[in-house]
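>>> A predicted structure for the sequence below; I have some questions about it.
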Amino acid sequence: METEYHGIPREEIQWFPRIDRKKCTKCGVCVSFCHQGVYEMTDEGVVIANPYSCVVACTGCKDKCESEAISFPTMRELADELHSLKRKHSKS
């Protein structure tokens, strides 16, 4: 698991998937696809068990989800956040 991303603590970067429970069919494709262990299957369905294990900017699981239940922040939102965090950490 990444502990930093370009000098920024990974836990400060809000990059991880979200699941729309209304769309999720509980097929488990995302669980099988993600080698980082972000997802887990529970009795209630798929959950984001390890959000900060998600590779920053990776959206591979989103394309695998046939029910389109997975979403991520936009790349613009990620870029803006990283820019802000880089400024914060360059002052440290």
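It's in. Residues are numbered from 1 along each chain as shown.

>>> is the closest residue to P17 other than its chain neighbours bridged to anything, and to what?
When the adjacent residues along the chain are set aside, P17 lies closest to I70, with 5.0 Å between them (CB to CB, 6 or more residues apart in numbering). All C-beta atoms are positioned from the backbone trio N, CA, C, and that covers glycine. On the basis of DSSP bridges, I70 is bridged to I19.

>>> ok, F16 - contacts?
V38, I48, P51, Y52, C54, F72 (CB atoms under 8 Å, 6 or more residues apart in numbering).

>>> and the two most separated of those residues?
Y52 and F72 (13.9 Å; CB to CB).

>>> next, count neighbours for the residue nearest to P17.
Here the count is done by other CB atoms under 10 Å, and I70 has 22 residues near it.

>>> now do A57
For A57, using other CB under 10 Å, the count is 13.

>>> check what pLDDT the most centrally placed residue in the chain gets.
What sits nearest the mean C-alpha location of the chain, by CA atoms, centre = their mean, is F16, with 1.7 Å. Looking at F16, its pLDDT reads 98.

>>> quick check: the closest residue to V29 other than its chain neighbours vs D80, distance?
In space, and not counting its chain neighbours, V29 is closest to K64: 5.1 Å by CB to CB, 6+ apart. Distance, K64 to D80, by CB to CB, to the nearest Å: 27 Å.

>>> show me what I48 bridges to in the sheet.
Y39.

>>> buried ones in stretch 26-46, by neighbour count?
Judged by neighbour count (16 or more other CB atoms under 10 Å), stretch 26-46 contains these buried residues: C27, V29, C30, V31, F33, C34, V38, Y39, V46.
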